[in-house]
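**Q** I would like to see how this sequence folds:
(one chain, ligands or ions: 2)
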Amino acid sequence: MSVQNAADLKLRATGIVKRFGDVTALEGVDLEIGTNEFVSIVGASGCGKSTLLSLIAGLEEPSAGTLEVNGMPITGPGRDRGVVFQQATLMPWLTVQQNVEFALRGETDLSRADRADRAREFLGLVGLEGFERARPAQLSGGMQQRVALARSLSYGPEILLMDEPFGALDALTRRTMQELLLEIWDRHRLTVLLVTHDIGEAVVTSDRVIVMSRRPGRVQQIVDVPIARPRALSSERTVEFQDVQDRILGLIHGTE
Ligand SMILES: Nc1ncnc2c1ncn2[C@@H]1O[C@H](COP(=O)(O)OP(=O)(O)OP(=O)(O)O)[C@@H](O)[C@H]1O
Ligand SMILES: [Mg+2]
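**A** Ligands and ions are numbered 1, 2, ... in the order given. Prediction:
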């Protein structure tokens, strides 16, 4: 556990239970995530990863347990948390620029011009300058996910929640997006919680990897990733990367 004191603690889950009718998706999840930590969640399909993320996003309520951000209970969605899903869920009738501006409509201290500037800034950050006036349908899947990322970062959330954000992308685009995410995190430090099926992705990006047990989901083990920062995809060539990846694969396949 790398969260040394209360001031560093960004997110805390205590005794989280989530039932859907007869199905218990989560059974007693405890978790502490530090400010600006990058944490991934891995585990078998159906073990409750997406459920946990939507509870933290405030899109669902736990059946039992408490969830806190900065020591305050989560009562619903909030601008302190940005969410990126597997599909970009952009509004097809709006341009790329308008999609990001729409997410900024709640920023009442920003003028229209400020919102437009902010949208352009974050589209630039994800490498989409020049595509502001395109419609989502004119973009590739990877570019649409970049818009979704720009949109979620544009209002300055403290926590970025991502549920298999690159899962629908081809292998090469996925690599590019992983590099982009590492770059953004290096430059803009924020707390990230990433759900992924890709163990390599979890290891190369994260400070810690949460391995969940099969349904009903619990935290089976939390694995520290002792690879130096700043990271790049070349970090995958280190011995530390191989060791941690093997350990996590062992945990998931039940050989440890
Ligand atoms: N809205 C819902 N209504 C009923 N059951 C649900 C609902 N959401 C999730 N579940 C159930 O909760 C369990 C956990 O689902 P969840 O989607 O969180 O798993 P997951 O770990 O994200 O899986 P995957 O890796 O396949 O995305 C599953 O058994 C699922 O059927
Ligand atoms: Mg899921």
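
**Q** low-confidence ranges in this protein?
**A** Scanning the chain for pLDDT under 70 picks out 1-6, 255-256.

**Q** what parts of it come near ligand 1?
**A** 20, 23, 25, 45-51, 215 (C-beta under 6 Å from any ligand atom). For glycine as for every other residue, the C-beta is placed from the backbone atoms N, C-alpha and C.

**Q** strands along the protein, start to end?
**A** In chain order, the chain shows strands spanning 9-20, 23-34, 38-42, 64-69, 72-73, 81-84, 159-163, 191-195, 208-212, 219-224, with DSSP state E as the criterion.

**Q** what residues does the fifth one touch?
**A** Right, strand 72-73. Among residues not part of strand 72-73, those counted as contacts by C-beta atoms under 8 Å, 6 or more residues apart in numbering are 66-67.

**Q** mind listing the strands that strand pairs with, and their directions?
**A** Strand partners for strand 72-73, identified by DSSP bridges, are recorded as strand 64-69 (antiparallel).

**Q** which residues are in contact with the partner strand?
**A** 10-17, 28-29, 55-56, 73-74, 78, 80-81, 158-159.

**Q** can I get the buried part of those residues as one ChimeraX selection?
**A** Selection of buried members from the contacts of strand 64-69 for ChimeraX, criterion 16 or more other C-beta atoms under 10 Å:
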select :10,11,12,13,16,28,29,55,56,74,80,81,158,159
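
**Q** any idea which of the residues of the chain next to ligand 1 has the most stuff around it?
**A** Greatest neighbour count in these, by other C-beta atoms under 10 Å, goes to Gly48: 26 neighbours.

**Q** and that one, how close does it get to Asn99?
**A** Shown here: Gly48 relative to Asn99, a distance of 30 Å by C-beta to C-beta, to the nearest Å.

**Q** repeat that for Gly124.
**A** Counting by C-beta to C-beta, the separation of Gly124 from Asn99 is 15 Å.

**Q** only C-alpha atoms, please: export stretch 110-120 in CSV.
**A** Only the C-alpha atoms of stretch 110-120 are listed here, as CSV (Å, rounded to 0.1, in the frame of the first residue of the first chain):
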residue,chain,number,x,y,z
LEU,A,110,-15.8,29.9,-18.7
SER,A,111,-17.0,32.1,-21.5
ARG,A,112,-18.0,30.6,-24.9
ALA,A,113,-14.7,31.6,-26.3
ASP,A,114,-12.8,30.1,-23.3
ARG,A,115,-14.7,26.8,-23.8
ALA,A,116,-13.7,26.7,-27.5
ASP,A,117,-10.1,27.4,-26.6
ARG,A,118,-10.1,24.7,-23.9
ALA,A,119,-11.6,22.2,-26.3
ARG,A,120,-9.0,23.0,-28.9
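
**Q** can you pull the buried residues of it?
**A** The neighbour-count criterion (16+ other C-beta under 10 Å) identifies 110, 115-116, 118-120 as the buried residues of stretch 110-120.

**Q** looking at those, spot the one nearest ligand 1.
**A** Each of these was scored against ligand 1 by C-beta to the nearest ligand atom, and Ala119 proved nearest at 30.4 Å.

**Q** what distance do you get for the nearest residue to Ser140 once chain neighbours are set aside to ligand 1?
**A** Leaving out its chain neighbours, the residue that sits closest to Ser140 by C-beta to C-beta, 6 or more residues apart in numbering is Thr173, at 7.3 Å. Thr173 sits 20 Å away from ligand 1, going by C-beta to the nearest ligand atom, to the nearest Å.

**Q** start at 10 instead
**A** Let's use 10 as the start, then, which means that last one is Thr182.

**Q** give me the number of residues near Thr182?
**A** Residues near Thr182, counting by other C-beta under 10 Å, number 17.

**Q** ok, which stretches of the stretch 160-265 of the chain are helices?
**A** If you assign secondary structure with DSSP state H, counting those that start in this stretch, the helices in the stretch 160-265 of the chain sit at 180-197, 208-214, 248-261.
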